[in-house]
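**Q** take a look and give me a structure for this.
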Amino acid sequence: MLEGRQRHDWSIASSCLSVIANLHRDPKRSRRLKPSDFDPFAQRSHAQRRITVPVSVLKDVFIDGKVPRIAQEDFG
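**A** Model prediction:
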């Protein structure tokens, strides 16, 4: 019963937090935030995805300072 109440309270709080965050964000620089971004009980499906890249990407990122094309497509 306690966990159900916590889930309910977090769903309300996360909805309020997402509204406030979306009011103060820059639409050109950031994505629209959802209540699940603030809810600790929400399921995170996209966070578990793993990207496989060759070892040469490490050299590009850490030595040359280049962002790989794969990361630019997914996050840019």
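
**Q** let me see the domain layout of this protein.
**A** Per automatic domain parsing, the structural domains of the chain span 1-43, 45-76.

**Q** output the lowest mean pLDDT helix or strand found in this protein.
**A** One helix or strand of the chain scores below all others by mean pLDDT, DSSP states H and E: helix 69-75, with a mean of 54.

**Q** local confidence estimate at residue 45?
**A** Note for residue 45: predicted pLDDT of 62.

**Q** coming back round to it: tell me the most buried of the domains of the chain?
**A** Of the domains of the chain, the one with the most neighbours on average (mean count of other C-beta atoms under 10 Å) is domain 1-43, at a mean of 12. C-beta here means a position set from N, CA and C on the backbone, and glycine is covered the same way.

**Q** any idea how far residue 8 is from residue 14?
**A** 11 Å (C-beta to C-beta, to the nearest Å).

**Q** ugh, wrong one, residue 67
**A** Separation of residue 67 from residue 14 (C-beta to C-beta): 31 Å.

**Q** ok, back up a step: overlap in contacts of residue 8 and residue 14?
**A** By C-beta atoms under 8 Å, 6 or more residues apart in numbering, residue 8 and residue 14 have no common neighbours.
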